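Asks: How does the following fold in three dimensions:
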Amino acid sequence: MKAIFRKARIATSVLAAAAAVGLLTAPAAQAAPAGVANPDFEVGASGWNTFSVPFGTDLINNSSAHPAHSGTWKAELGGHGRAGMDRISQQVTVPAFRVPVLTFWLRIDAPTPATFGYHELTVEATAPDGTPYTLVTRTNKDSSGAYEKVTVTLPSAFYSSTEQHTVLSFFSVDDSANRVPFLVDDVSMAYQIKIYRPIFTPFAKL
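Replies: The predicted structure is shown next:
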């Protein structure tokens with residue numbers, strides 16, 4: 001079965017289960033002053049919303065089975081050995097006249113067993129008007145066995161002359177064939193000044 005159809009089938013069945021138990025809408029977290037609250041997860045789930053169907057497990061944990069990038073706590077998404085969805089999210093504040101840049105560390109180990117099962121992580125940012133923007137996608141085929149630093153600049157929809165809020169989400173969908181999760185740690189948001197380069201028009205010759 002092609003991955004796109006597999007993904008649609010898994011998503012449909014899991015969303016139906018989520019609707020049945022009333023878990024589709026998670027409450028918004030308090031916005032950090034300007035940045036990410038509890039970026040290294042060392043105070044557990046504080047500052048983060050977590051959502052897991054049908055597992056209900058601790059997505060943010062200090063289990064020694066899968067190590068953190070720094071400290072002992074990290075987010076562990078997917079890899080439960082059955083079809084489902086995991087999500088962690090947080091609302092952050094983007095200062096006026098700043099370009100937000102997201103950085104995090106991600107580890108994807110080799111799937112166990114090594115099959116062609118489907119396992120995907122999507123990182124999204126939701127604009128103030130409610131439009132979601134996909135920032136990063138990874139699958140089990142991107143496994144390297146070590147943490148990698150991922151940095152992405154958010155699109156122009158998140159740049160404004162006034163302060164605004166955005167919701168960052170790390171969202172995984174997987175099937176029953178994969179038992180290794182996506183490990184996320186040390187999430188940070190930097191804010192850069194947009195630099196406009198003047199356009200010079202050459203003087204016409206007299």
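Asks: Bridge partners for the closest residue to V184 other than its chain neighbours, pull those for me.
Replies: Distances taken as CB to CB, 6 or more residues apart in numbering place A75 nearest to V184, at 4.2 Å, with adjacent residues excluded. Using the backbone N, CA and C atoms, a C-beta is placed for each residue, glycine as well. Assessed by DSSP bridges, A75 has beta-bridge partners I60, V184.
Asks: cool, the one 10 residues further on as well?
Replies: In this structure, M85 bridges to V53, V173 when assessed by DSSP bridges.
Asks: measure it to T122 for me?
Replies: 10 Å (CB to CB, to the nearest Å).
Asks: Same question for S143.
Replies: 16 Å.
Asks: Check F171 too.
Replies: 5 Å.
Asks: which ones are touching the residue nearest in space to the middle of the chain?
Replies: Centroid-nearest residue in the chain, with CA atoms, centre = their mean: F170, separated by 2.3 Å. Counting by CB atoms under 8 Å, 6 or more residues apart in numbering, F170 makes contact with A75, L77, R87, I88, S89, L121, T122, V123, F182, V184.
Asks: and what of D109?
Replies: H66, S143, G145, V180.
Asks: ok but A157 is inside a strand, no?
Replies: No - with DSSP: H, G, I helix; E, B strand; the rest coil as the criterion, A157 is helix rather than part of a strand.
Asks: Burial check on the closest residue to it other than its chain neighbours, number of neighbours?
Replies: Leaving aside its chain neighbours, A157 sits nearest to A127 (4.6 Å; criterion: CB to CB, 6+ apart). The number of residues packed around A127, counting by other CB atoms under 10 Å, is 18.
Asks: So what sits opposite L106 in the bridge?
Replies: Applying DSSP bridges, one finds that L106 bridges with E148, V184.
Asks: if I look at it, how far off is Y159?
Replies: 25 Å.
Asks: Please identify which of these two sits among more neighbours.
Replies: L106 (25 against 16).
Asks: For the nearest residue to A146 once chain neighbours are set aside, give me its contacts.
Replies: What sits nearest to A146 in space, not counting adjacent residues and going by CB to CB, 6+ apart, is R107, at 6.5 Å. Shown in contact with R107 (CB under 8 Å, 6+ apart): H66, H69, S144, G145, A146, Y147, E148, F182, L183, D185.
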